[in-house]
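*Asks:* model this:
(4 chains)
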Number of protein chains: 2
Amino acid sequence: MSLTIKDIAKMAGVSITSVSRVLNNKTEGISESTRQRVLKIIEQHNYRPNAIARSMITKNTKTIGLIIPDIRNPFFSDLARGIEDVASESKYSILLCNTDSTLGKIIDYLWLLKEKNVDGMIFACSDPTLNREVHTFVKQNNIPVVIVDRGLEDQMYSGVFIDNEKAAYMATKHLLELSHTRIGCISGPSFIKNSNERLEGYFKAHQEFGVPTDKSLIRVGEYVMEGGYQAAKELLEQTDVTALFAFNDLMAFGVYQAAEELGLKIPDDISVVGFDNLKYNLLLHPKLTTMEQPIYEIGEVATKLLLEQIEEGKSDQIKSVFLDTKLIVRESTKKR
Amino acid sequence: MSLTIKDIAKMAGVSITSVSRVLNNKTEGISESTRQRVLKIIEQHNYRPNAIARSMITKNTKTIGLIIPDIRNPFFSDLARGIEDVASESKYSILLCNTDSTLGKIIDYLWLLKEKNVDGMIFACSDPTLNREVHTFVKQNNIPVVIVDRGLEDQMYSGVFIDNEKAAYMATKHLLELSHTRIGCISGPSFIKNSNERLEGYFKAHQEFGVPTDKSLIRVGEYVMEGGYQAAKELLEQTDVTALFAFNDLMAFGVYQAAEELGLKIPDDISVVGFDNLKYNLLLHPKLTTMEQPIYEIGEVATKLLLEQIEEGKSDQIKSVFLDTKLIVRESTKKR
DNA sequence: TCGAATTAAGAAAACGTTTTCTCAGTAGAC
DNA sequence: GTCTACTGAGAAAACGTTTTCTTAATTCGA
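*Replies:* You can find the predicted model right below:
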């Protein structure tokens, strides 16, 4: 089996205490000469301490749990990479948890992460019935948590967000300025907070422009391609929309498919605005006008927040960071 | 702090041994009545054993390391999901390691995973200088490993693959059958084994059709969009290719961009074939003809293989599984 | 009814670290 | 020269489990 601290101690002719001291760069209780001797043996044998045993006593695992709906969603893989990059810089590793936004899976993972003693969690799932349950769990076990993208009870946790209302307002405004007055809206599920916030922005822009809104132009999709496709198909067939605002790019992709199927030309017959600015919408034709959000950076900032919380024990201080969004006007929108 | 087995023992009025026995469903040394009593206390207090302490003695962590270049690459996020799904079914969790195919990062992660005592690893990175180093590391620490997508010294490990040569042969044949004789080839880096295998298939098809190959039509890209874009631009500007075979879809995406930039129409001016059949190539126009490989399933099978190896100690038996590929003919290829 | 076999249960060791406590030796102060 | 303070080092406890070993109590066979 692997070498242990005991083996190293024996080889160096010192106690395991001394080896531990050099391992942890302690200066007290050890002379420079024995430190060097031990260091040499460690080096020679490529010894690395067993993280499990270490965790046993230090109570930290240098691991953080990442709870997301689905890593295949490019939004979350981008986010995950941002997270992993800053985590690994501080020698933390990340445990991947795909929940499909499912109550059962989320709870299961919460327990798992607790059993495995993760030092903290980044949470990007939400479910109405869940909020309470997750909340009590987290508070009860007081695990550091940072919320991302979709908040649960916001003021209770640190989190990294964008101003969803403002972003949606800007996107809608863009369409209104292009003289569209019948703007279909493809929202995400209503239990996801950002959906409602974006909806607010959508309304606000209409109000400001004195354009009446029409409930029948608002549909809810699943935040994936198929969701956008379904909603778009309905809207395009059953209503007189001249523009469509999808609350994420994935759904906007679905809009493109629906439009094509119905023989509608973008942007001539129908203008389309997305949300996220995923890398892969470069593939679209015509290029998608969309509201960019700094996904990777959200992951970075969230992780920094979490590590701060973990390492400085700041789990009581709640910090919300808001990052900027930016409307990227491309070819999918046009004056009516 | 959290409850420990000691607390439960005290509350139930039994020894920790007994609690441990019910925790692990041991039948010996415990009567049904005390089992029930203990079970009730456990239930009541929602006690879960500390996985770290458990690992300490059982020597397993129910964790597997996933080493990939970049989770943002849809190929790998799809793979990761397949892996996570079957892993979590068996109560294993996965530790995410993005290496960017970088020597330093791979080695660092290897050590990390060893320190953390993962039960096994799924490995999808390769690097020529690395093979030896990774190999000796893995063998030295005898950690169960399953290779995926890109082999290192193949016969040494279990792995899940496709028949790259055959797949590339089929793809090339498709183009040859459409009377293309000047077929550009955008390969992946030559240190990645599948690139060379696919190249073989490319050659073989030409040979079979009696069409001479031309080294100048073969370029190497990075297996990402930009790689495909660069290579395609060169090929389209400097040579007389009438068709392009990109060794993955991401590069094929780049080909589309290059073609557009040069004002070339697909498939009229240039036929394009990709590889992978990523979900997002539904966004492309015209739709991409590509060689499908069952990415998610590769992840599933790889994990099953790994778990088998872990749980049945079959790390000596080497098993290679080959999954099928399928040419999906869509709109990006056309008779010359 | 007695010894053997079986069962239920607990005590203690073990896992590989870090941390606390103790101690011997030496330097410094007077 | 003695006492105090400090330094380098090790012994042992601790972390929360599982596992091995031991023991007490019960059942069983004759």
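*Asks:* low-scoring pLDDT stretches of chain A, where are they?
*Replies:* A:1, A:126-130, A:151-155, A:315 (pLDDT under 70).
*Asks:* interface residues of it facing DNA strand C?
*Replies:* Residues of chain A lying close to DNA strand C by Cβ under 7 Å from any atom of the strand are A:1-6, A:16-17, A:19-21, A:23-24, A:29, A:49-50, A:53-54, A:56-58. No exception for glycine: its C-beta is placed from N, CA and C like everyone else's.
*Asks:* Sitting in helices, which of these do you find?
*Replies:* A:5-6, A:16-17, A:19-21, A:23, A:53-54, A:56-58 (DSSP state H).
*Asks:* ok, of the residues you listed, which come out buried?
*Replies:* Neighbour counting with 16 or more other Cβ atoms under 10 Å in any protein chain shown marks A:5, A:16, A:19-21, A:23, A:54, A:56 as buried within these.
*Asks:* restrict those residues to those near chain B?
*Replies:* A:Met56 (Cβ under 8 Å from any Cβ of the partner chain).
*Asks:* quick one: which two of the buried ones among the ones in helices among the residues of chain A next to DNA strand C are the most distant?
*Replies:* Farthest-apart pair in these is A:Arg21 and A:Met56; separation 18.2 Å (Cβ to Cβ).
*Asks:* which residues does the residue in the stretch 151-300 of chain A positioned nearest to DNA strand D contact?
*Replies:* For the stretch 151-300 of chain A, the residue closest to DNA strand D is A:Tyr157, as judged by Cβ to the nearest atom of the strand, at 25.5 Å. Residues in contact with A:Tyr157, defined by Cβ atoms under 8 Å, 6 or more residues apart in numbering or on different chains, are A:123, A:138, A:145-147, A:151, A:318.
*Asks:* Looking at those residues, which is nearest DNA strand D?
*Replies:* Taking the contacts of A:Tyr157 together and measuring to DNA strand D by Cβ to the nearest atom of the strand, the closest member is A:Val138, at 19.3 Å.
*Asks:* Off-centre distance for stretch A:327-336?
*Replies:* Its chain's C-alpha centre and that of stretch A:327-336 lie 27 Å apart, by Cα atoms, centre = their mean, to the nearest Å.
*Asks:* Tell me the buried residues in that stretch?
*Replies:* A:327, A:330, A:332-334.
*Asks:* rewinding a little: can the ones in helices among the residues of chain A next to DNA strand C go into a markdown table with extra columns for distance to DNA strand D?
*Replies:* Converted to a markdown table, those look like this (distance: Cβ to the nearest atom of the strand, whole Å):
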| residue | distance to DNA strand D |
| --- | --- |
| A:Ile5 | 10 |
| A:Lys6 | 10 |
| A:Ile16 | 6 |
| A:Thr17 | 4 |
| A:Val19 | 8 |
| A:Ser20 | 8 |
| A:Arg21 | 8 |
| A:Leu23 | 13 |
| A:Ala53 | 7 |
| A:Arg54 | 9 |
| A:Met56 | 4 |
| A:Ile57 | 4 |
| A:Thr58 | 9 |
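*Asks:* tell me, how many neighbours does A:Phe137 end up with?
*Replies:* 18 (other Cβ atoms under 10 Å in any protein chain shown).
*Asks:* Which elements pack onto the helix or strand harbouring it?
*Replies:* Assessed by DSSP states H and E, A:Phe137 sits inside helix A:128-140. Other helices and strands packing on helix A:128-140, by 3 or more Cβ pairs under 8 Å, 6 or more residues apart in numbering or on different chains; DSSP states H and E, are helix A:103-115.
*Asks:* make it 6 Å
*Replies:* Contacting helix A:128-140 under the criterion 3 or more Cβ pairs under 6 Å, 6 or more residues apart in numbering or on different chains; DSSP states H and E is no other helix or strand.
*Asks:* For the helix or strand harbouring A:Arg81, give me every contacting residue.
*Replies:* A:Arg81 belongs to helix A:74-89 when elements are defined using DSSP H and E. Helix A:74-89 has contacts (Cβ atoms under 6 Å, 6 or more residues apart in numbering or on different chains) with A:68, A:71, A:94, A:276, A:278, A:295-296, A:299-300, A:303-304, B:71-72, B:77, B:96, B:98.
*Asks:* and the angle from it to helix B:103-115?
*Replies:* Interaxial angle of helix A:74-89 relative to helix B:103-115 (axes from the mean of the first three to the mean of the last three Cα atoms, to 10 degrees): 80 degrees.
*Asks:* which parts of helix A:74-89 are buried?
*Replies:* A:74-84, A:86-88.
*Asks:* Then stretch A:14-34?
*Replies:* For stretch A:14-34, by 16+ other Cβ under 10 Å, it's A:14, A:16, A:18-23, A:30, A:34.
*Asks:* Closest one to A:Thr181 out of those, please.
*Replies:* Nearest member of the buried residues of stretch A:14-34 to A:Thr181, counting by Cβ to Cβ, is A:Leu23, at 69.3 Å.
*Asks:* Contacts only, for the closest one.
*Replies:* So A:Leu23 contacts A:Pro49 (Cβ under 6 Å, 6+ apart).
*Asks:* If we use 10 Å, what do you get?
*Replies:* A:5, A:8, A:16, A:38-39, A:42, A:47-49, A:54 (Cβ atoms under 10 Å, 6 or more residues apart in numbering or on different chains).
*Asks:* now do A:Arg198
*Replies:* A:Arg198 neighbours (Cβ under 10 Å, 6+ apart): A:164-169, A:171-172, A:185, A:187-188, A:192, A:245, A:247-248, A:275, A:291.
*Asks:* Among those residues, which lie within strands?
*Replies:* When those are checked against strands (DSSP state E), the matches are A:185, A:187, A:245, A:275, A:291.
*Asks:* Could you measure from the third one over to A:Ile270?
*Replies:* With distances defined as Cβ to Cβ, to the nearest Å, the gap from A:Phe245 to A:Ile270 amounts to 11 Å.
*Asks:* What of the last one?
*Replies:* With distances taken as Cβ to Cβ, A:Met291 is found 18 Å from A:Ile270.
*Asks:* which of the two has more neighbours?
*Replies:* A:Met291 (28 against 25).
*Asks:* Show me the beta-bridge partners of the more buried one.
*Replies:* With DSSP bridges as the criterion, A:Met291 is bridged to A:Phe275, A:Leu327.
*Asks:* For the stretch 101-250 of chain A, just list every one of the helices.
*Replies:* A:103-115, A:128-140, A:164-177, A:193-209, A:225-238, A:249-261 (DSSP state H, counting those that start in this stretch).
*Asks:* which of the residues in the second one are buried?
*Replies:* When you say that, I think you mean helix A:128-140. For helix A:128-140, by 16+ other Cβ under 10 Å, it's A:130-131, A:134, A:137-138.
*Asks:* Turn those residues into CSV, including distance to A:Lys204.
*Replies:* Output for the buried residues of helix A:128-140, formatted as CSV (distance: Cβ to Cβ, whole Å):
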residue, distance to A:Lys204
A:Leu130, 29
A:Asn131, 25
A:Val134, 30
A:Phe137, 35
A:Val138, 33
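*Asks:* before we move on, the earlier item: tell me the one of the ones in helices among the residues of chain A next to DNA strand C nearest B:Phe253?
*Replies:* Using Cβ to Cβ, these come closest to B:Phe253 at A:Arg54, 44.8 Å.
*Asks:* Name the pair among the buried residues of stretch A:327-336 with the greatest separation in space.
*Replies:* A:Leu327 and A:Lys334, at 15.0 Å, using Cβ to Cβ across these.
*Asks:* for the nearest residue to A:Arg336 once chain neighbours are set aside, what are its contacts?
*Replies:* Excluding the flanking residues, the one nearest A:Arg336 by Cβ to Cβ, 6 or more residues apart in numbering or on different chains is A:Ser179, at 4.4 Å. Contact analysis of A:Ser179 by Cβ under 10 Å, 6+ apart lists A:211, A:242-243, A:334-336.
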